[in-house]
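Asks: one predicted model, sequence on top.
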Amino acid sequence: MSRPPSLFVVAAPSGTGKTTMVNRLVQRNTCCKLSISYTTRAQRPTEKHGRDYLFVTQESFQSLKRSGKLLESALVFDNFYGTSRSQVEQCLLDGHHVILEIDWQGARKVRKSMPDCITIFILPPSQCELENRLRGRKTDTEDVINRRLSDAIDDMSHWIEFEHVIINDDLTKAVDQLEAIVLGDRQTNPATNPQLIEQIENILVSAAEIGID
């Protein structure tokens, strides 16, 4: 492991592929641990408590928040999500990189609590591809899909708040880029890279032109 144990905050619009990317990263790097978030949303058939999320009631979540046990928390699509402070701190003490998969709102809060964290934003290659991926998951209703697509345009505008940006147009390549950032042993393109900025601007313009009613 080239860099000391660090906290990496990975954010993206829903459906961008960040969960798949993070899972592949963790599977092939034993030095990386995924922070398991608390959530109040319903558990999906393919999900397992303690592996994908820590599923809790609204009352339990609010108790964790009041007692200061959450590093950050946010309300997303009418459900609460939060990060266990003790889980992150213990993983770092054990010598592991910690990967925290949250939204841009949560990333802001984590930066305030742990300013040394390294932030990564993932973008889809286009708004059309994002819609295809959301529909391909077959886990949400039509209303939820439309809401996610509408919110994605605003979400994508927050890329500038992050140190690194990855465009997930090819999953294998995107995972390699994520791994390079985390391990710190290969040169990576930061969010200030001019060529990358041009690509991002093209994605945002096309998304805004298409729009969602």
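Replies: Received the coordinates, thanks.
Asks: which residues touch Asn193?
Replies: Listed by CB atoms under 8 Å, 6 or more residues apart in numbering, Asn193 has no contact partners. From N, CA and C alone the C-beta is placed, and that goes for glycine too.
Asks: mind doing that once more with 10 Å?
Replies: Residues near Asn193 by CB atoms under 10 Å, 6 or more residues apart in numbering: His164, Val165, Gln199, Ile200.
Asks: now Val76
Replies: Val76 touches Ser14, Thr39, Arg41, Ile102, Asp103, Gln105, Gly106, Asp151, counting by CB under 10 Å, 6+ apart.
Asks: so the third one sits in a strand?
Replies: No - according to DSSP: H, G, I helix; E, B strand; the rest coil, Arg41 belongs to no strand; its state is coil.
Asks: leaving out chain neighbours, which residue sits closest to it?
Replies: What sits nearest to Arg41 in space, not counting adjacent residues and going by CB to CB, 6 or more residues apart in numbering, is Asn79, at 3.7 Å.
Asks: pretty sure that neighbour contacts Phe61?
Replies: Yes - if you go by CB atoms under 10 Å, Asn79 and Phe61 touch, sitting 9.4 Å apart.
Asks: who's more crowded, the two?
Replies: When Asn79 and Phe61 are compared for neighbours, Phe61 comes out ahead with 21 against 13, by other CB atoms under 10 Å.
Asks: how about the contacts made by that one?
Replies: Tyr38, Thr39, Thr40, Leu54, Phe55, Leu70, Ser73, Asn79, Phe80, Tyr81, Gly82.
Asks: quick check, it in a helix?
Replies: Yes - Phe61 forms part of a helix when assessed by three-state DSSP.
Asks: state the distance from it to Ser67.
Replies: As judged by CB to CB, to the nearest Å, Phe61 and Ser67 stand 11 Å apart.
Asks: just Pro125 next, same as before
Replies: For Pro125, the distance to Ser67 - CB to CB - is 42 Å.
Asks: circling back: what is in contact with Asn79 and Phe61 at once?
Replies: The contact sets of Asn79 and Phe61 overlap at Thr39, Thr40 (CB under 10 Å, 6+ apart).
Asks: of Pro125 and Ser67, who's got more company?
Replies: Each of Pro125 and Ser67 had its neighbours counted (other CB under 10 Å), and the higher figure belongs to Pro125 (17 against 8).
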